[in-house]
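*Asks:* The sequence and its predicted three-dimensional model are supplied below.
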Amino acid sequence: MKLFQGPLLGLLCIQRCMLLVSGDIILVESGKKVTLPCKMEPKGLIDWNKNGVLLLRYSGYRRYLSQAAKAQGTDLSRFSVRSDTTNDLEVTNVQLEDGGTYTCGKDKATASTVQLFVYKVVVTPSDALLMSEDLTLTVKLSPEQVPGLQISWKKDEQEMGSSNSLEVKNVDLSHQGSYFCQITMDGGAGSCSTRISVAGFEPSPNIVYSSGLQSDTIPWDFNFNVRHMPHVKVVGGSVTYQSTTTDLVIFKNGTHCWPKDCPSSYSGSSLDVPLSDPRKGMYKLEVILELDKRERKLRRDVCVAVLTASKSSDDIIMESSVFLQCDINCIGDDGKLCWHSVNSDITECGSPGQKSLSTEVTVTPETLGEWSCNVMVRERKLISTSVTLELKPTILLDTSNNLFWIIVGVGSFLLLVIVMAVTISIAHCRRVRRAQKRAVLLQNINQQRRCKCNGFSPMRLKETV
């Protein structure tokens, strides 16, 4: 028997040493479920240890919890052996503190060793951000010492970084979305996905083209309901033009509006600024947003562009030269000024971003009429103003000339004198004709009387008798 005792002990040692070789490495994300293999026959008491401390003891369907593990604050309700055929340890809702070395065995003999690495993505300050905040994504691991660790970040299939922390400064709406991390290590790999939301205003042109002759609006759209969002709130705002500041009106119920637009501006995602009398220049817009007791002041500068057009002279005659001038106080890099003749269909444009455009026009019948100056962006007309080329009238027909009215006055007076003279002359002629007719009539009557009396006067006969 002594001859066989050495070989038997060697076989037993080899069997137990083979069980020790079965070491696994498992990488799991926090909050997930994981199963740690035991690979031991279901006979007798099975011990699961973590970092050398008894976690639980299992026999058949009976489970014995470790008081030492309880004393360390371990939530043993998340640990269980679901199958007595494999004695694998199942851990639900894995936490960072669950990371470590787990061993499965019986009778103080280790059958399986599992290295459990737990990782978690920590988002600072939150996965819901305000525009202009800084975002930090950090992969935390337990245990911290991970052999062969490599981490890479992606968003929208674009590489973002290759360290355990990813920082994004001054976030805007383009930074919201899903961020993916890929974690690799010796013997394991894992991935993560974190959804980030950003509350702020939508991209808008920083130039508003206005005629300056009627009311206008500076558009300001947000990606959330600025008046009924339960988490993000508008707690202040203002618009400044030169030295004049207009504050946003905030009501007790949380609603708000600009003073000149109350209460008609209660649209969901808009804080459009009404301009009853738009003036050219820079307008500074501010709004204060609040999210989870964090406040952020968002700023936006908008230039109100007013287009003006003029001509060098109003005294226009045929074949003369006239200079047309078009000016605007601000224009985008993709915008350009263009002069266009309505009658002759002549068009002349300046360079993109050019704020002033002058052109020389030779006065002909074709170039007379309306000339319009337009702001064009990619063949689209945004705003227009015009001047009119017309021939200068002669002095006698120029109603704007004082001499014209002097001539009209003198002519009217002379006409009145002539009319009065003609009227008086006609009246005088009529009186003369009446007197002549009366004289002829009396002469005829006297002649008739003489004929009837045979030359004797009736008065004389009467006196004789």
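*Replies:* Everything's here; your move. Numbers count the residues shown, from 1 in each chain.

*Asks:* quick check: longest helix of this protein.
*Replies:* If you go by DSSP state H, the chain has its longest helix at helix 402-452.

*Asks:* Any idea which helix or strand in the chain has the lowest mean pLDDT?
*Replies:* One helix or strand of the chain scores below all others by mean pLDDT, DSSP states H and E: helix 2-21, with a mean of 34.

*Asks:* centre of the chain versus the longest strand belonging to the chain, how much separation?
*Replies:* As assigned by DSSP state E, the longest strand anywhere in the chain is strand 294-311. Chain-centre distance of strand 294-311: 12 Å, with Cα atoms, centre = their mean, to the nearest Å.

*Asks:* Paired strands for it, with orientation please.
*Replies:* Here strand 294-311 is paired, per DSSP bridges, with strand 207-210 (parallel), strand 281-291 (antiparallel), strand 321-328 (antiparallel).

*Asks:* Need the contact partners of the first one.
*Replies:* Outside of strand 207-210, the residues that reach it under the criterion Cβ atoms under 8 Å, 6 or more residues apart in numbering are 216-219, 275, 278, 280, 302-307, 330-332, 335, 375, 382-383. Every residue, glycine included, has its C-beta placed from N, CA and C.

*Asks:* Tell me the spacing between the residue nearest to residue 212 when sequence neighbours are not counted and residue 98.
*Replies:* Among residues not flanking residue 212 along the chain, residue 306 sits closest, at 4.2 Å (Cβ to Cβ, 6 or more residues apart in numbering). The spacing between residue 306 and residue 98, counted by Cβ to Cβ, to the nearest Å, is 67 Å.

*Asks:* Repeat that for residue 121.
*Replies:* Distance of residue 121 to residue 98, computed by Cβ to Cβ: 16 Å.

*Asks:* I figured residue 355 hits residue 327, correct?
*Replies:* Yes: taking contacts as Cβ atoms under 8 Å, residue 355 lies within contact range of residue 327: 6.7 Å.

*Asks:* Now for residue 407, how many residues are close by?
*Replies:* Residue 407 sits with 13 neighbouring residues when counted by other Cβ atoms under 10 Å.

*Asks:* and if you look at residue 86?
*Replies:* By other Cβ under 10 Å, neighbour count at residue 86 equals 16.

*Asks:* What does the pLDDT read for the residue nearest to it when sequence neighbours are not counted?
*Replies:* Using Cβ to Cβ, 6+ apart and skipping residues adjacent in sequence, the residue nearest residue 86 is residue 38, 6.1 Å away. Per-residue pLDDT puts residue 38 at 86.

*Asks:* Report the secondary structure state of residue 38.
*Replies:* The assignment at residue 38 comes out as coil when based on DSSP: H, G, I helix; E, B strand; the rest coil.

*Asks:* Can you say which of the strands paired with strand 294-311 is packed in most?
*Replies:* Comparing the strands paired with strand 294-311 by mean neighbour count (mean count of other Cβ atoms under 10 Å), strand 207-210 ranks first with a mean of 20.

*Asks:* Give me the below-cutoff pLDDT ranges for the stretch 101-250 of the chain.
*Replies:* Across the stretch 101-250 of the chain, the ranges flagged by pLDDT under 70 are 229.

*Asks:* where do the helices sit along it?
*Replies:* For the stretch 101-250 of the chain, applying DSSP state H, counting those that start in this stretch gives no helices.

*Asks:* Going along the chain, name the strands of it.
*Replies:* According to DSSP state E, counting those that start in this stretch, the stretch 101-250 of the chain carries its strands in the segments 109-124, 128-130, 135-142, 150-155, 158-161, 165-168, 177-185, 188-199, 207-210, 216-218, 233-241, 244-247, 249-250.

*Asks:* now the ones you listed as JSON lines including distance to residue 79?
*Replies:* Below are the strands of the stretch 101-250 of the chain laid out as JSON lines (distance: least, Cβ to Cβ, whole Å):
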{"stretch": "strand 109-124", "distance to residue 79": "12"}
{"stretch": "strand 128-130", "distance to residue 79": "33"}
{"stretch": "strand 135-142", "distance to residue 79": "16"}
{"stretch": "strand 150-155", "distance to residue 79": "28"}
{"stretch": "strand 158-161", "distance to residue 79": "35"}
{"stretch": "strand 165-168", "distance to residue 79": "31"}
{"stretch": "strand 177-185", "distance to residue 79": "24"}
{"stretch": "strand 188-199", "distance to residue 79": "21"}
{"stretch": "strand 207-210", "distance to residue 79": "64"}
{"stretch": "strand 216-218", "distance to residue 79": "61"}
{"stretch": "strand 233-241", "distance to residue 79": "44"}
{"stretch": "strand 244-247", "distance to residue 79": "59"}
{"stretch": "strand 249-250", "distance to residue 79": "53"}
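
*Asks:* quick one: which of these is nearest residue 80?
*Replies:* strand 109-124 (15.5 Å; Cβ to Cβ).

*Asks:* For the closest one, which strands pair with it and how are they oriented?
*Replies:* As defined by DSSP bridges, the strand partners of strand 109-124 come to strand 23-29 (parallel), strand 100-106 (antiparallel), strand 135-142 (antiparallel).

*Asks:* Of those, which is nearest residue 430?
*Replies:* strand 135-142 (109.6 Å).

*Asks:* what angle sits between the closest one and strand 177-185?
*Replies:* Counting by axes from the mean of the first three to the mean of the last three Cα atoms, to 10 degrees, strand 135-142 points 30 degrees away from the direction of strand 177-185.
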